[in-house]
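Q: pasting the structure only:
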Ligand code: DQA
């Protein structure tokens, strides 16, 4: 079972970026958590981070035949990248969307966070649990495969 993990823009700064929202765990540590859980679940994971919309789409295209499922935190692209939505739809493999923060709560002050372009093309969603969102998202994805 092959899982592609994509982290979108600004997630390379996890640990130092707005720690009151995203916490102190670094992306490297998040990837370790993902790999440990993947091993427990018997899944193979490949993790990538990129700040570019096109680069994320290229990563998805390049591994579309390899992956059985996609775990993705699109960062701010969540809210406006229709190209990313089309790419997820084109690849047509189960996708679970992940967010560290609670977007529903944040949308009260920042309404743009209420929209996810993946709504309708993703199979599941895990968010609001900090780095544990990735672990819960991975479990959900594996349960769907
Ligand atoms: C995020 C939430 C997005 O709204 C934000 O733009 C991010 C991170 C999260 O993981 O909580 O960059 O995807």
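A: That came in fine, so what should we check first? Small disclaimer: the values here were computed from a predicted structure and weren't measured.

Q: got the contact list for residue 49?
A: 6, 7, 8, 11, 12, 27 (CB atoms under 8 Å, 6 or more residues apart in numbering). For glycine as for every other residue, the C-beta is placed from the backbone atoms N, C-alpha and C.

Q: in strands only, show me these.
A: Of the positions in the contacts of residue 49, 6, 7 sit in strands, assigned by DSSP state E.

Q: quick one: distance of the longest helix anywhere in the chain to the chain centre.
A: In the chain, with assignment by DSSP state H, the single longest helix is helix 27-41. Offset of helix 27-41 from its chain centre (CA atoms, centre = their mean, to the nearest Å): 13 Å.

Q: neighbours around residue 136, how many?
A: Burial of residue 136 is recorded as 18 neighbouring residues (other CB atoms under 10 Å).

Q: that one: which element?
A: When secondary structure is defined by DSSP states H and E, residue 136 falls within helix 132-144.
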